[in-house]
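K.L.:
Generate coordinates for the sequence data below:
(chains A and B)
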Amino acid sequence: MADLIRDLSRRQFLKGAAAAGAAVGIGGIAAACSSPAAPASAAAPASAAPAGSAAAVSAAPSAGPTGTFNWMTWVDHYYPEQLSIIQSSLGIGVNLTELADNADGFTKLKEGSSQLDMISGDALWVPHYFETGLIEAFDINSLDVAKQLYSIAREFKIWTSPAGYLGYPIGWSPVQIYYDPAKVSPTPDSWEVLLDPKYVKRVVVENQPVEVMAYMGKFAGVKDPYNMSPDEVAKAKDLATKLKPNLLKFAQQNTDTVAALISGEAWIATGNLGTESRVKQAGGPDLKVFTPKEGTIGWMDSEMTVKGGKNTQLIRPFLEAAEQAEYIAANFLINQRPLFNEKAYKLLINQGQQDLADRYLYNKPETVLTMTLKGPGTSTQGAINAFNEVFGA
Amino acid sequence: MTTETASGAGSAPLAVGSSPVRRPIGRLAPLVPGLLVIVLLFLVPMGFMLVFSFMRTDVNFNLVPDWNIDNYARFFTVATYVRTFLKTLLMAAAVTTAGLATAMPFAYFLVRYVSPRLQRAILLAVIVPFWTSYLLRVYAWQAILGEHGALNQVLQAIGLIKEPSALFIYNDLGVGITLWYLYFPFAALALYAALDKFDFSQFNAAQDLGARPDQAFRLILLPQIRAGIITACIFVFIPILGEFLTPALVGGASGSLIANLVVNFFRGAQYAEGSALAFVIAFIVTVVLIVFRRYLRVEDVVARG
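P.N.:
Modelled structure (predicted):
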């Protein structure tokens, strides 16, 4: 070995080291420039799809386009078994990138749209994507699977443009307030309960500054909490100051909220539909839920086709398969919030799940029209500043 | 050793036929990969951020070249940011002090009284937490410090408290304890490396010559492990200034550090504001490093730390 090293001249060693270093560097750069996430089949955990789920949907091998496309989405828009079946039956694979929130997805797409083919987005964010030139409109009625949707979902004004429909409707939920009736009384009906001095360190809200300020805006009577005037932001900030001592923590994700409610550390929490069910299933207390009388925030999301995406020819066949009622019914049972697929609701009835579906308003898609919908606003910066001022030291 | 010095850079023989111009270029070749990484993955992004920090984010989340220093001014004019930064400095100082105070006797005991084989096993135990994800370790501390967590259960079992206490988590104490745990290995390893090279016969000689143990520690040991102490300080203090995950998970609504406020801007796609705030922190960290550098040569860290 020593001889070998001695025989290797300094120049040879330096050349070799430089070549190896360059290879490592170039390899790293190439990896960074390639697809943003591991294939779903490799990265996703085993499916928890309930019985009677979408395994039955698997189709014969397709003669249509095959390949892999890039999709930035939330984890509740699919489940691994569904993607595996579609890949094996249609030859369409998915590179998944997790979507943190709307602003994050929007800015990432704006900076590098060619790396994505489909992206999920919420409510008023969808027209914003379109107006910014990031997505393509399409004729929703040309998709066979769209016939399974509630008709209202094919006609949302905010998603309709002269060029066509802006997104394929997936699901929705209002933000509601959950509480433990054994600890919280009298029965609350307002955002005010979050600020009640009786509940110091007993409240959990999501770690989303703009949303938290929107909740406070709703409580302050602000009509449009994403487009607050400076005075309205100040009002919301005052309320957030009163909220601070009551907050146990900011939940990073719904599982944090559920864990705090199960352990009894939190008595009150904001969350999407279905939180009380998840708490109960995990052995937590029986929770009550209400929609604040001042009104609430809500989301309704969709899949959007990225303009200029390199694999967008795969999206239509993918949606035709992935949005079939069997998959959507299974998705509902996994994630327990209403979806827009009416045929899936009927399947759930046939599976004896109507009570569950109705409890989560699956049969009332028109409720979305009563919510203040999430969207980009003019007061984002003001809301974050106010949030930081309250929750900083 | 002598041979290595003699054939060092200055006296390396030239390959036959290589020109004096090519020689320094060839010597620079090994630098290229590292240099590329630093330039492409650090300096260029930092350059972008610096430019962003003087821009403005409009309501469509566009960065508008409306050059201004308002984003920097915000840090100094809104008291929350200054207070939160001072709190972050205090937290970093407290955790560094606690880390050194616990790592020093640990490393001292290890080097002085434990057999080399057992030392390796114990050091392995110190490193083992690095095999699990950072996130998991912080979540584990949620389970330990929580109102119904292990700590409360132990305290109740031994009769120290009657009701579960919310004292340990979702506040600054919870953040401090968790950071202390997370950064202890860095301090311990740096100090161990320094102490391992210390010749303890000097320590004994000092005492033989009349020095009290504390004098021998202060006048003989500490100066010789200075590099290790400073390295430990750098490894603990500096990263804590940028910590946001631990405060987010165990800090609750009152445990935010400055990086949490920066992250809020980035999550809301307010890149100009976030960049400026990040640069203020980076500037202050640089100043801290310069201060440290007055007491430390890089060679000390490499050779002894």
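
K.L.:
Run through the helices of the stretch 101-250 of chain B in chain order.
P.N.:
Under the criterion DSSP state H, counting those that start in this stretch, helices of the stretch 101-250 of chain B are mapped to B:116-127, B:134-145, B:150-157, B:172-196, B:200-208, B:213-216, B:222-224, B:226-241, B:245-250.

K.L.:
what's the answer for the stretch 101-250 of chain A, then?
P.N.:
Under DSSP H, counting those that start in this stretch, the stretch 101-250 of chain A gives helices at A:102-112, A:125-131, A:209-219, A:230-243.

K.L.:
Could you dump these into TSV and include distance to chain B, mean pLDDT and mean neighbour count?
P.N.:
Placement of C-beta: from N, CA and C, glycine included. Shown next, in TSV, are the helices of the stretch 101-250 of chain A (distance: least, Cβ to the nearest Cβ, whole Å; pLDDT from 0 to 100; neighbours: other Cβ atoms under 10 Å in any protein chain shown):
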stretch	distance to chain B	mean pLDDT	mean neighbour count
helix A:102-112	4	86	19
helix A:125-131	8	94	22
helix A:209-219	5	95	26
helix A:230-243	8	97	19
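
K.L.:
Is it correct that residue A:378 is in contact with residue A:229?
P.N.:
No. Look at residue A:378 against residue A:229 with Cβ atoms under 8 Å: they stay out of range, at 9.0 Å.

K.L.:
Low-confidence bits of the stretch 1-150 of chain A, can you list those?
P.N.:
Applying pLDDT under 70 to the stretch 1-150 of chain A flags residues A:1-63, A:113-114.

K.L.:
Tell me the residue of the stretch 151-300 of chain B that sits nearest chain A?
P.N.:
residue B:253 (3.5 Å; Cβ to the nearest Cβ).

K.L.:
Excluding sequence neighbours, find me the nearest residue to that residue.
P.N.:
Setting aside the residues directly before and after it, residue B:253 is nearest to residue A:247 in space (Cβ to Cβ, 6 or more residues apart in numbering or on different chains), at 3.5 Å.

K.L.:
For that neighbour, name its beta-bridge partners.
P.N.:
Per DSSP bridges, the residues bridged to residue A:247 are residue A:203.

K.L.:
And for it, the neighbour number?
P.N.:
Residues lying near residue A:247 (other Cβ atoms under 10 Å in any protein chain shown) number 23.

K.L.:
likewise residue B:110?
P.N.:
With other Cβ under 10 Å as criterion, residue B:110 counts 19.

K.L.:
Can you name the residues that contact it?
P.N.:
Contacts for residue B:110 (Cβ atoms under 8 Å, 6 or more residues apart in numbering or on different chains) come out as B:119, B:122, B:123, B:192, B:195.

K.L.:
ranking those by neighbours, who comes first?
P.N.:
Within the contacts of residue B:110, most neighbours by other Cβ under 10 Å means residue B:192, with 24 neighbours.

K.L.:
For residue A:289, see how far away the residue most central in space within chain A is.
P.N.:
With distances taken as Cα atoms, centre = their mean, the residue of chain A nearest its centroid is residue A:74 (4.0 Å). Between residue A:74 and residue A:289 the computed distance is 22 Å (Cβ to Cβ, to the nearest Å).

K.L.:
And for residue A:322?
P.N.:
From residue A:322 over to residue A:289 the distance is 30 Å, taken as Cβ to Cβ.

K.L.:
what do you get for residue B:294?
P.N.:
60 Å.

K.L.:
Skipping its backbone neighbours, what lies nearest residue B:61 in space?
P.N.:
In space, and not counting its chain neighbours, residue B:61 is closest to residue B:269: 4.4 Å by Cβ to Cβ, 6+ apart.

K.L.:
which SSE is the one you found in?
P.N.:
Per DSSP states H and E, residue B:269 falls between elements, in no helix or strand.

K.L.:
The residue of the stretch 151-300 of chain A found nearest chain B: what's it in contact with?
P.N.:
Proximity of the stretch 151-300 of chain A to chain B (Cβ to the nearest Cβ) peaks at residue A:247, 3.5 Å away. By Cβ under 8 Å, 6+ apart, residue A:247 lies in contact with A:201, A:203, A:204, A:205, B:252, B:253.

K.L.:
That concludes my questions; thank you for your assistance.
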